[in-house]
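> got a predicted model here, sequence first, then my questions.
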Amino acid sequence: MTRALDSLLEHPALWRGRQGAPVSGDAVWPAGTPELEKALGGGWPRGQLVELLGAPFGSGETRLLVPMLAACARARLWIALIGPPATPWLPGWQQLGIPPERVLLVQAEQDPERLWSAEQCLRDPAFGALLVWIHGPAETARLRRLRLAAGESRACAVLYRPPQAAEQPSPAHQRLQWQPHGRDLRLHFLKGNGAQHRRGRPLDISVAHPPPAEDAP
């Protein structure tokens, strides 16, 4: 029954009252470009769970979120990085407007630990954004808990997953697939506002060059 309901909720023909409504300015973080902000319904949504699907991890997937992370820092809110594929070079982030003192790095080894850590962070109103990387399949029940925790917060919870996760239903509010495209990122909108307005039309985004990782060659 649960799997059937998930499949129904994922169906592109299903309309839900709040799904396509624009979000007010104080309920979003900036996305950096007018095209992306329009597709997202105003910007990166606060109080929502967003999935970014792509590979390989560590190829610059955080570039897309620099405007949001810088805005969190200006608002004196914390940014959580949970299980990143490499240790970020924080002096480079500072050059992009993200001071190291606003970044919490959580080195959780297993996917369940990472999802649990994300839930705990979302319960703290001091956080404005969470970036979480998971590598394997995720239990729907865990994702529902994460969605609920995000909905009760004022943070944008971003869950990085491998591209094959697109074949699985997800309770995330929005789902985007990313892939490197030259020095840009190409986005495909799978679920949410962008999926309604840009289905079948990818969006290429020019973004800031990613700061190198400390353990990169």
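Cool, the structure landed. The shown structure was predicted, so the numbers you read here are calculated from the model rather than taken from an experiment.
> for Ala157, which residues make a bridge with it?
Using DSSP bridges, the beta-bridge partners of Ala157 come out as Leu49, Leu130.
> if I look at it, how far off is Arg198?
Note on Ala157: its distance to Arg198, by CB to CB, to the nearest Å, is 22 Å. Any C-beta I mention is one placed from the backbone N, CA and C, and that applies to glycine too.
> more neighbours: which of the two?
Neighbour comparison, Ala157 and Arg198: the larger count goes to Ala157, with 30 against 16 (by other CB atoms under 10 Å).
> give me the phi and psi for Gln168.
Dihedral pair for Gln168: phi -110, psi 140, per degrees, to the nearest 10.
> correction: the previous question concerned Gly58.
Torsion angles, degrees, to the nearest 10, at Gly58: phi 90, psi 10.
> surely it touches Pro85?
Yes: contact status for Gly58 versus Pro85: in contact at 3.9 Å, counting by CB atoms under 8 Å.
> the residue nearest the centre of the chain and Leu148, how far apart?
Residue closest to the average C-alpha location in the chain (CA atoms, centre = their mean): Val158, at 2.4 Å. Distance of Val158 to Leu148, computed by CB to CB: 16 Å.
> for Thr87, see how far away the spatially closest residue to Arg102 that is not a sequence neighbour is.
Spatially, and ignoring its direct neighbours in sequence, Arg102 is nearest to Ala73 (4.5 Å; CB to CB, 6 or more residues apart in numbering). Distance, Ala73 to Thr87, using CB to CB: 19 Å.
> more neighbours, the two?
Ranked by neighbour count (other CB under 10 Å), Ala73 and Thr87 place Ala73 first, with 23 against 13.
> test my guess that that one contacts Gln94.
No: using CB under 8 Å, Ala73 makes no contact with Gln94, being 9.3 Å away.
> neighbours of Val50, just the number please.
Look at Val50: counted by other CB under 10 Å, it has 21 neighbours.
> with Ile134 instead?
Other residues near Ile134 come to 24 when the count uses other CB under 10 Å.
> ditto for Ala55
16.
> also Asp124?
For Asp124, the count of nearby residues is 12 (other CB under 10 Å).
> show me the contacts for it.
Residues in contact with Asp124 (CB atoms under 8 Å, 6 or more residues apart in numbering) are Trp78.
> wait, is it part of a strand?
No: secondary structure of Asp124 (DSSP: H, G, I helix; E, B strand; the rest coil): coil, not part of a strand.
> which parts of this structure are helices?
With DSSP state H as the definition, the chain shows helices at residue ranges 2-10, 34-40, 66-74, 90-95, 111-122, 140-151, 193-198.
> make CSV out of the ones you listed and add mean pLDDT.
Formatted as CSV, the helices of the chain follow (pLDDT from 0 to 100):
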stretch, mean pLDDT
helix 2-10, 42
helix 34-40, 92
helix 66-74, 96
helix 90-95, 90
helix 111-122, 96
helix 140-151, 95
helix 193-198, 77
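> redo those helices as a markdown table? Include distance to Leu131.
Putting these into a markdown table (distance: least, CB to CB, whole Å) gives the following:
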| stretch | distance to Leu131 |
| --- | --- |
| helix 2-10 | 24 |
| helix 34-40 | 16 |
| helix 66-74 | 8 |
| helix 90-95 | 12 |
| helix 111-122 | 9 |
| helix 140-151 | 13 |
| helix 193-198 | 19 |
